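Participant: quick one: sequence plus predicted model below, questions after.
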Amino acid sequence: MNFLLEQPVQPIDFTKAEFTQSAPSIRECPPDTGAEVAFAGRSNAGKSSAINTLTENHKLARTSKTPGRTQLINMFPVSDNQRLVDLPGYGFAKVPVKMKRQWERNLEEYLQKRECLKGVVLLMDIRHPLQEFDTMMLNWALEGEMPVHILLTKSDKLKKGPASSTLLAVRKHIKDAQVDDLVTVQMFSSLKATGVGELKKKLTFWLNQAAEPQELVEE
C-alpha cells in the first residue's frame with residue numbers, strides 16, 4: 001500500500017520579511033526555486049498597505065498618495081526559500097501607454113511562467129470590485145491554473161451590511177464563472193487590521209508548498 005506522508009504546515013513569521021531586490025521582468029528575478037506568493041492589484045487598491053500590515057512593518061513596501069509608484073517586481077523574502085512579491089500596480093498611474101503595455105506583458109509573463117509562484121493575492125477596493133484590470137489579472141492567473149485569493153480591501157469604508165453584500169456578490173460571481181475551485185475571497189482592512197489572520201492562513205498554506213510531499217511505501 002502507498003501512503004502519502006504530507007509535510008506539516010510550518011508557521012511563518014511574516015515580520016521577518018525584508019526587501020532584497022527589484023526586477024523589471026521575470027528575467028531579472030531571483031532563481032526560480034522555493035515558493036513565492038505575489039500581490040497584485042490596481043494602483044489604488046491598497047496593495048503596499050496590505051503588505052505592510054501583514055508584516056507589521058509600515059516602511060517595508062513603499063506607499064504613496066500618488067497611485068502607480070510600484071513599477072517593478074519587488075521581492076520580500078520571509079525565509080531562505082519563501083518570498084512575498086509586490087507586483088507593479090496598474091490603473092491610475094500617470095505613465096505613457098507604451099510603458100503600461102510593457103507592464104502588462106511583464107505581469108502576464110510572470111504569472112504564467114514563474115514556476116515557484118504558488119498563488120496570487122488579488123487586491124480590489126471593496127467599493128469597486130471586479131474592474132476590467134481585475135478580470136484581466138484573474139484570466140491570466142487562471143489560464144495557468146494558478147490559485148487566486150481576492151482581498152476586498154478598505155472594508156472599513158463600508159458599513160457591515162453593504163460590505164457583506166459585496167463579499168457575497170463577488171463570491172457568487174466567482175461561483176457562476178465556475179472558478180471557485182481556484183479562487184477564494186475575503187474582506188480586508190489595513191486601517192483596522194481586520195482579515196489579517198485569514199490572509200496569513202492562506203499564505204502559510206501556499207508558501208509551505210515549497211517542500212514537496214514525501215511518499216512513504218509500505219508492503
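Facilitator: Received the coordinates, thanks.
Participant: just give me the longest strand of this protein.
Facilitator: The single longest strand within the chain, with elements called by DSSP state E, is strand 117-125.
Participant: partner strands of it and their direction?
Facilitator: Looking at strand 117-125 with DSSP bridges, its partner strands are strand 35-41 (parallel), strand 148-153 (parallel).
Participant: tell me the confidence at the residue nearest the centre of the chain?
Facilitator: Among the residues of the chain, residue 121 comes closest to the average C-alpha position under Cα atoms, centre = their mean, at 2.2 Å. Turning to residue 121, the model gives it a pLDDT of 97.
Participant: so it bridges to which residues?
Facilitator: For residue 121, the residues forming beta bridges with it (DSSP bridges) are residue 39, residue 149.
Participant: go ahead and confirm it touches residue 36.
Facilitator: No: using Cβ atoms under 8 Å as the test, residue 121 is too far from residue 36 to be in contact (11.2 Å). (C-beta placed from N, C-alpha, C; glycine too.)
Participant: which secondary structure elements does the host helix or strand of residue 102 contact?
Facilitator: Mapping residue 102 onto the secondary structure by DSSP states H and E places it in helix 97-113. Taking 3 or more Cβ pairs under 8 Å, 6 or more residues apart in numbering; DSSP states H and E as the contact definition, the neighbouring helices and strands of helix 97-113 are strand 35-41, strand 117-125, helix 132-143.
Participant: what's the angle from that helix to helix 132-143?
Facilitator: Put simply, helix 97-113 runs at 30 degrees to helix 132-143, going by axes from the mean of the first three to the mean of the last three Cα atoms, to 10 degrees.
Participant: which residues are contacting the longest strand of the chain?
Facilitator: Contacts made with strand 117-125 from outside it, assessed by Cβ atoms under 8 Å, 6 or more residues apart in numbering, are listed as 35-42, 44-47, 50, 85, 110-111, 130-131, 134, 137-138, 141, 146-154, 170, 188, 199, 202-203, 206-207, 209-210.
Participant: identify each buried residue in it, please.
Facilitator: For strand 117-125, the neighbour count (16 or more other Cβ atoms under 10 Å) marks 117-125 as buried.
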